[in-house]
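Trainee: For reference, the sequence and a predicted model appear below.
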Amino acid sequence: MSFFVDSILFSYGQIFFSNRRWFGGLLLFSTFISPEIGLTSLLGVIISNSTAIVLRYDRVKIKSGFYGFNGILFGASVVFFYKLDLQLLGLAPLFIVIVFLLASVLENYFATAFNLPGLSIPFVISLYVFIIFLSNYDSIVAISPKNFNEYFTFIPLWLQNYFKSLALILFQPNILTGIIISIGLIFFSRILFLLSVVSFILNVLFLNLILPQHSDALVVITGFNSILTVLALGGSLIIPSKKSFALAVFSILLAIIFTGFFTKLLHGSLPVLVLPFNFIVLFTLFSLRFRQEQSGLVALYFAPGSPEENYYYHHNRLKRFERFKNYSPELPFFGEWHVSQGYKGKHTHKDKWRYALDFVVTDDNGKESKTESSGVSEYFCYALPVLACLDGEVVRVIDGIPDNNIGDINLETNWGNTVIIKHGENLYSSISHLKESSTKVKVGDFVKKGNIIGLCGNSGRSPYPHIHFQFQQSDKLGDVTLEYSFAHYFAKTESGLELKIFESPDEGMRVRNIEVHKSIKEAFSFTLGEKIKLECTFNRKSFSEEWEVKVDIYNSQFLESSDGNRAYFFNTDKLFYFISYTGKKNTALYYFYLAAHQIPFSFHKDIYWLDRYSIVDLPKTNFRYPAEFFLHFKNFFLTNARFSFAERNEEDEYFRIRNNIEVGGLNLFRMFNRRFSSVLEINSDGSIQKIEFYEKDVITFKAKIISN
């Protein structure tokens, strides 16, 4: 029963691009301002969703309202245009089924063929068929539905027309329905509310310029098409931005033009309805796909939330993952090395060869050799192993070039002993200046990431022992360099060892690979079907919770709690990442998502790593609402997190990962700064033991894993 109720409420929400049950419920309530229209719209969604269930359509889509919202519109429009009688009531269910069948075909066809939503085209086509079919019946009478607008004459005319335009989206002739919808919009999305107001005002202004002799009826028709178009292009189907706002404003002009066009085309024999909205949105979304540069106007590419949630999710995803590459190379050595020359280095990394790195080993005083002796063997890095940075095929090996004396260089064999490995199409790594006769591989060998391929030397144009590393696009010796970052490594800073993700080290950095700690890696090695039980306390209330490890049809792994909340994640061989969370914010899974947002499988007492959250991911952040009216132009809140390990003695049986989260407001919103923290405890046997979450310094949630 709850599934069916959800499918009804989400269907109403879909009309305004909403995924909120409460908003769908509010819209359902608002339709009963005109009871007959409310009943037939409810009949439309009940028949549509029941048909989908009987025919065994995708239950996820049914619940989301995918198949139901066109039925709502059709059911409402029947009584909006015609007097309800038994004959009409007998025909309506048949046509509602037709609407459903059209929706199932068109929605899926548009999605698979064009990657576009079907919007309300099935409703428009079905209603036109219905109206033409009813011309065979003299007994079915067209009417003007009753309204209660005489009670709102104190409201300025332009504002009355705004409310009428909103109400007409649900085929409601009442100003009161429009008032209810506008209130719901404010609470669901500040962006959509602002867009609805701006679009209507600009619609009136543009209409006065383009068609000065227009009627009030045309204001409302163009108004509701403008509002729907702007809601779609300004924030719901495109990520909100300055450009999406500009596109939304331009689409108002298009709504006026195409409303006029379809009015003349149909000659008054058929209503214009939402034809302009559907036409403009579909051709705009389709045309955007042919751009070479996708920035600025980004079509929605994930399961939608509110426009604000879409904005935060998109920008947070960019900050966290935009640098990620298809391949995950690692530094080509064991232990800690020093970057003696970085990108665009002052000695030899110039012009087409600027994206190269030189590595040496130094002591705590920055010296590269044990003594003042000039022998190559006195250098710390000399004869140390050099590793393959990625899996690949060895395509070129140069060996047998003698090492230089310190200070000498060999210009005839500039690159010295070199190994070039092919990792993929147009991605090669080249390591040069290896020790004479030290290479461990030959052309044609397949090497794994971390395999030893040779030893550090001083051959070629090398005055002192070091390794020269570069990515390039071919197997040519000394080819131009390619900018390509390392997947992860630790860089030594004044605060400790900072984790770097898909970056290239700067000159002067001391860097090292992530060294995997078995216990920490084991704690986050979730296996499909694994179940985890927890005992929890949230705000002094105790409860139990169970998680299960699952995978969706796209092979994305997620943890699902016993009440349906989900946290998506992925694992590399060195790091664990949470990608997104959907569900309630009073669950253990939610606080685990915050506490384990990103975890390297390594332990050093002084390592730390930085991460970001979307502000909507954090608890008690409704203070952001006023700022979201301006989110098209600026995000006034930044969230930063700093993870580190707590002090640990050798006899301790656990590791504790601390996370300090700060929400910082900009300009006038500085007063809303917030501070959170969490503690995640991992046993030395490789299992997660405890989760704790604090607001300021007060604990609000704690959980203990009791079995897994």
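Mentor: Nice, thanks for sending it over. Numbers count the residues shown, from 1 in each chain.

Trainee: And Ile179, which helix or strand is it part of?
Mentor: Taking DSSP states H and E as the criterion, Ile179 maps to helix 175-188.

Trainee: Buried ones in the next helix or strand after that helix, by neighbour count?
Mentor: Counting by DSSP H and E, the next helix or strand C-terminal to helix 175-188 is helix 190-210. Residues 190-196, 198-200, 202-204, 206-207 are the ones in helix 190-210 that count as buried (16 or more other Cβ atoms under 10 Å). No exception for glycine: its C-beta is placed from N, CA and C like everyone else's.

Trainee: and what of stretch 18-34?
Mentor: Buried residues in stretch 18-34 (16+ other Cβ under 10 Å): 18-20, 23-28, 30-31, 33-34.

Trainee: one step back: for the helix holding Ile179, packing partners?
Mentor: Helices and strands touching helix 175-188, by 3 or more Cβ pairs under 8 Å, 6 or more residues apart in numbering; DSSP states H and E, are helix 21-31, helix 157-168, helix 190-210.

Trainee: Now the weakest link among those helices, please, by mean pLDDT.
Mentor: Here the lowest mean pLDDT among the helices and strands packed on helix 175-188 goes to helix 157-168, at a mean of 90.

Trainee: okay, that helix in CSV with CA atoms only?
Mentor: Output of helix 157-168 as CSV, limited to C-alpha atoms (Å, rounded to 0.1, in the frame of the first residue of the first chain):
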residue,chain,number,x,y,z
LEU,A,157,-4.0,41.9,-11.3
TRP,A,158,-0.4,40.9,-12.4
LEU,A,159,-0.1,38.8,-9.2
GLN,A,160,-3.5,37.2,-9.8
ASN,A,161,-2.3,36.3,-13.3
TYR,A,162,0.9,34.8,-11.8
PHE,A,163,-1.1,32.6,-9.5
LYS,A,164,-3.5,31.7,-12.3
SER,A,165,-0.5,30.6,-14.5
LEU,A,166,0.8,28.4,-11.8
ALA,A,167,-2.6,26.9,-11.2
LEU,A,168,-3.2,26.3,-14.9
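
Trainee: Give me the contacts around that helix.
Mentor: 30, 149, 152, 155, 173-179, 181-182, 196-197, 200-201, 204, 216, 219-221, 223-224, 226-227 (Cβ atoms under 8 Å, 6 or more residues apart in numbering).

Trainee: and the helix holding Ile179 with helix 190-210, angle?
Mentor: 130 degrees (axes from the mean of the first three to the mean of the last three Cα atoms, to 10 degrees).

Trainee: And helix 175-188, how far out from the chain middle?
Mentor: 28 Å (Cα atoms, centre = their mean, to the nearest Å).

Trainee: Which positions within that helix qualify as buried?
Mentor: Per 16+ other Cβ under 10 Å, helix 175-188 contains these buried residues: 175-182, 184-185, 188.

Trainee: Also stretch 694-706?
Mentor: For stretch 694-706, using 16+ other Cβ under 10 Å, the buried residues are 694-695, 700-705.

Trainee: Closest one of those residues to Glu372?
Mentor: Tyr694 (54.0 Å; Cβ to Cβ).

Trainee: Provide a list of residues in contact with Leu42.
Mentor: 8, 28, 31, 72, 75 are the contacts of Leu42 under Cβ under 8 Å, 6+ apart.

Trainee: Just put those residues in CSV and tack on distance to Glu647.
Mentor: Compiled in CSV, these are given as follows (distance: Cβ to Cβ, whole Å):
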residue, distance to Glu647
Ile8, 55
Leu28, 56
Thr31, 61
Ile72, 60
Gly75, 65
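
Trainee: of the residues you listed, closest to Arg510?
Mentor: Using Cβ to Cβ, those come closest to Arg510 at Ile8, 61.2 Å.

Trainee: Nearest spatial neighbour of the closest one, chain-adjacent residues omitted?
Mentor: Nearest residue to Ile8, sequence neighbours excluded (Cβ to Cβ, 6 or more residues apart in numbering): Val45, at 5.3 Å.

Trainee: That neighbour touches Ile72, doesn't it?
Mentor: Yes. The criterion here is Cβ atoms under 8 Å, and Val45 meets it with Ile72 at 4.8 Å.

Trainee: joint contacts of these two?
Mentor: The contact lists of Val45 and Ile72 share 11-12, where a contact means Cβ under 8 Å, 6+ apart.

Trainee: and Tyr489, which of the helices and strands packed on helix 175-188 is closest to it?
Mentor: helix 190-210 (39.4 Å).

Trainee: relative to helix 157-168, how tilted is the closest one?
Mentor: 120 degrees.

Trainee: The nearest residue to Phe114 once chain neighbours are set aside: which element?
Mentor: If the residues on either side of it in the chain are set aside, Phe114 comes closest to Phe286, at 6.0 Å by Cβ to Cβ, 6+ apart. Taking DSSP H and E as the criterion, Phe286 maps to helix 275-288.
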